[in-house]
Every structure is written in C-alpha cells, then in structure tokens.
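> Got a predicted structure plus its sequence, pasted below:
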Amino acid sequence: MRDLTAVEVNALRRKPGAHRVSANLYLLVRPSESGGGLRASWVFRYETSDGGKRRGRHMGLGSVSVFSLAEAKERARKQRQHLAEGIDPLQAKQDKKAAAKLEVAKAITFGAAAKQYVATHRLSWRNAKHAAQWAAVFEGSKRQPPVTACINDLPVGAIDTGLAMKVLEPIWTRTPETASRVRQRCEAVIASAITRGQHPGPNPFLWRDHLDNLLPQPSKVRKVRHHPALPWAELPAFVAELRANGSISARALELTVLCATRTVETVNATWSEVDLRERTWTIPGNRMKSGQEHKVPLSDAAVELLQALPREDGSEHLFLGARKGRPLSNMAMLELMRGLRPGFVPHGLRATFRTWCAERTHYPHLVAELALGHVQSDKLLQAYQRGDLFEKRAQLMREWATFCASPPVAAVGNVVSLQKADAS
C-alpha cells in the first residue's frame, strides 16, 4: 500500500475512523471530547508476540495540529527502529514516564532535606538546645532568617560551589566558628540526601571536597579564644569567698569547683543522680558533652555540701531556681563569678583544675582527663583502656578538695635576693 500525501491526509481529517497513512502510521479521527467537531491524532500501530500469540498494540504519537505529516513519519520511523532492536515502543514509553516521575518524586529541596535530617537525628542529640541550634541553621528564628535561605528552595542536586560560597562567605570571616558548624551541618544534610537516593546527579557535590582551597582555615581568620581560667594558686581564696556566701548560686559554683564539672551539668543535676552512701554523682550520657555517662567521685567536702542543700517537695533538682519546680538559672553562677572575679568564667575553672593536676600532682594524664569527663581521642587507647579509673580519680578529687580548702598558696618564682647573692 502506498503512503498517503499531505492533501489526502488533510481530507481524511473530516472522516471519522482509523486511516492508514504509511507503514505502522495511522490517522485516528474521532469526535472531540468537548462535543464540537472532530479531532485527529497520529497513532503508531504494531504487533508483539506474547507466548506465540500475536497481539496488536497502539501508541499515540501526538495531535495532527502539533505534528506535521513529515514529523509523524519520522516519529514512526524511530519506533520501527525500536521494534527492530526487540524493544516494545509502548513499554519503553511507559518506562520512560515512570522514570521521570520517580526522578520528580526523588528530587527534594535542600530545606526539605534539612528538616528531614533534623527530625531523624533529633533523638540522638544531647539535649533540646543542641537540636534547636541545628534547626536554627536551616529554619532561622524570629530575629533572623536562616543562614541557608538562598538554597533552601533549591533541589539538593542543584547545590554547587557558587551556592555554597554564597551561604558561607558572608559569615566565614565574621563568625568563623559558627560558619564552620554551618558547613559541617550542610555537608551532613547533603550526604544524607545522597544516601537516601534524593540526589539525582551522578557526581554529588560535597562541600568538603570543593571549598578547602576557596575558604581560609578558621584558625587563620580569628585566633581561638579559650575561656579565661583563674590561676590555680588563687583558687583556695576564691573557694573561701564562696563558702562565706550563703546563696544557692555559691553552693552550685562550689560543687562545680569540687567536681570539675561543666556549668550545665551542675545546674541540671538531680537527686536521682546522686548516691551519698556510695559517694558518687552519675551524670547520664544525654547530659554530657561526650554523650557518655560520667561517674563523679564525691569528696567529703562535696558530700557535706550536698547534705546541707535545701529541698523542695516535688522537685528533683539539686539547686533550686527562683521559680518553683525549676532549676537554678544557667546565668546564676556566671553572674556570681563576674562579681567575685571579674574577667573570669565558671567554665575556666575546669582549666584551673587541669593545670593544678599537671603542676602539683603526679597523676597520669589519663586520670586527669577522665576526671573532666573527656573522651580519649586515641582510638588505640580506647580499645585497650576500657576502665574509668574510678578509685584513682576518687583519690585525685580528695586531694583537690583538700587543696581547695587550704590557705592561699604563695607565689612561686625564681627570684634571688640580691643581698643573699652578694653574701655568697
């Protein structure tokens, strides 16, 4: 059968039915769904073999008003090539549509991926404050928009070097520590999206692989500032002032000194964590920076302090706050120390303890580090040193308590009296 001409095809557009135009190509004319007139479209008709049985199939190639006769013939030719290669054209078309739908379903914006990551990991983080800090990077707050505002509405796969720099450059030199955390958290979100199959690109963009040569090291931008630490020689005088102060914040700060704990670990302590008979204070992992349980040995001075603390019916808190049922404010110890020792902060007292350990005792490095609740970074040491050295730490804390209650230490130096030098 010969192929129809364009004029013949145009004439058939007014005749309902299926009309052969060329090999496998048909013109399908049927009433319009709107109810007025006829509509014509191109159809590719072919047969497949299913278990020895021949089955006719039809695949639409588009409307006559969109594709010309020549274009329809070309589209039919491509489908015949598929048949020659053993590919079912209609099945291939359906597979392509399904793949496209899957890609759309998998495509997720950076903001959505970030929310997903925060929701998944929230329970594994130490406390609500830490979770809120994570969420604030991507969601912002009432006072300021999210740091990642410029990429939140973009697909994860669209994030490239330029967009990453747009997020980090404005804060990298102003607040390098915060910027470094933002970078790490964005990397974590993208890595999670890749693992979930939500990153369609064949070469996913990883911030850590692209930005090292573009951004200066945070330590080069701004020097690390450690918490100012009270000199260990001045500690006995400071403790004496605390003991002369009758406030609850003074008791909390004194226990913080005696146990070398962090401020947040002290103010949120509960009576269920303390065993006065066993002389231990066990801080659960969810309240520790390391995420691991920390068992603190209590000296005589620490036990006496705890025994003298006021109690409140229905409250588990060691240090009672201004409002019923609430613990002492995080700022209480800081304000007290600012008044007694301007320029110093409670957290620096941990450094005071660590310096005293190094300069005035012979305890091994590991004992002092475990007393502070630090996790060993040496993986080999972790593998073989699995105990908590509790007895040695208990002895160390007893000696520390004795030192805290001792008279002020005289300054030690290498100055030689000139008169004695002349006499010699």
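Happy to help now that I have it.
> all helices for the stretch 101-250 of the chain, in order.
110-121, 128-139, 161-172, 176-195, 207-210, 218-221, 235-244, 248-259 (DSSP state H, counting those that start in this stretch).
> Using JSON lines, lay out these together with mean pLDDT.
JSON lines is the format used below for the helices of the stretch 101-250 of the chain (pLDDT from 0 to 100):
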{"stretch": "helix 110-121", "mean pLDDT": "89"}
{"stretch": "helix 128-139", "mean pLDDT": "83"}
{"stretch": "helix 161-172", "mean pLDDT": "85"}
{"stretch": "helix 176-195", "mean pLDDT": "84"}
{"stretch": "helix 207-210", "mean pLDDT": "56"}
{"stretch": "helix 218-221", "mean pLDDT": "56"}
{"stretch": "helix 235-244", "mean pLDDT": "94"}
{"stretch": "helix 248-259", "mean pLDDT": "95"}
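> Roughly how far does Phe344 sit from Leu235?
According to Cβ to Cβ, to the nearest Å, Phe344 stands 11 Å off from Leu235. In this view, the C-beta of every residue, glycine as well, is placed from N, C-alpha and C.
> remind me which residues of the stretch 301-424 of the chain are low pLDDT?
376-387, 409-424 (pLDDT under 70).
> Spit out the contact partners of the residue most central in space within the chain.
Residue closest to the mean C-alpha point of the chain, counted by Cα atoms, centre = their mean, is Arg185 at 4.5 Å. Contacts for Arg185 (Cβ atoms under 8 Å, 6 or more residues apart in numbering) come out as 134, 137-138.
> between those residues, which is closest to Leu83?
Lowest distance from Leu83 to the contacts of Arg185 (Cβ to Cβ) belongs to Phe138, with 50.6 Å.
> Now do the contacts for the closest one.
Counting by Cβ under 8 Å, 6+ apart, Phe138 makes contact with 111, 114-115, 118, 146-148, 152, 185, 189.
> so Phe44 sits right up against Met59, yeah?
Yes. With contact defined as Cβ atoms under 8 Å, Phe44 reaches Met59; the gap is 4.6 Å.
> If you count surrounding residues, which of those two has more?
Phe44 (24 against 20; other Cβ atoms under 10 Å).
> give me the element the more buried one is part of.
In the assignment (DSSP states H and E), Phe44 maps to strand 38-50.
> ok, and what's touching that strand?
In contact with strand 38-50 (Cβ under 8 Å, 6+ apart) are residues 12-14, 16, 18, 21, 24-33, 54-65, 67, 72, 75-76, 79-80, 83, 88-89.
> Sheet partners, orientation included, of it?
strand 25-31 (antiparallel), strand 53-63 (antiparallel) (DSSP bridges).
> Looking at those, which is nearest to Arg350?
Using Cβ to Cβ, the strands paired with strand 38-50 put strand 53-63 closest to Arg350, at 74.1 Å.
> after that closest one, next one along is what?
helix 69-84.
> any idea of the mean pLDDT for that following helix?
Helix 69-84 carries an average pLDDT of 92.
> next one: it to chain centre, how far?
52 Å (Cα atoms, centre = their mean, to the nearest Å).
> Quick check: buried residues in that helix?
Going by neighbour count (16 or more other Cβ atoms under 10 Å), the buried part of helix 69-84 is 69, 72-73, 75-76, 79, 82.
> Just want the angle from that helix to strand 53-63.
150 degrees (axes from the mean of the first three to the mean of the last three Cα atoms, to 10 degrees).
> what's the domain layout of this protein?
The chain is divided into the following domains under automatic domain parsing: 6-106, 110-221, 232-404.
> Good, wrapping up.
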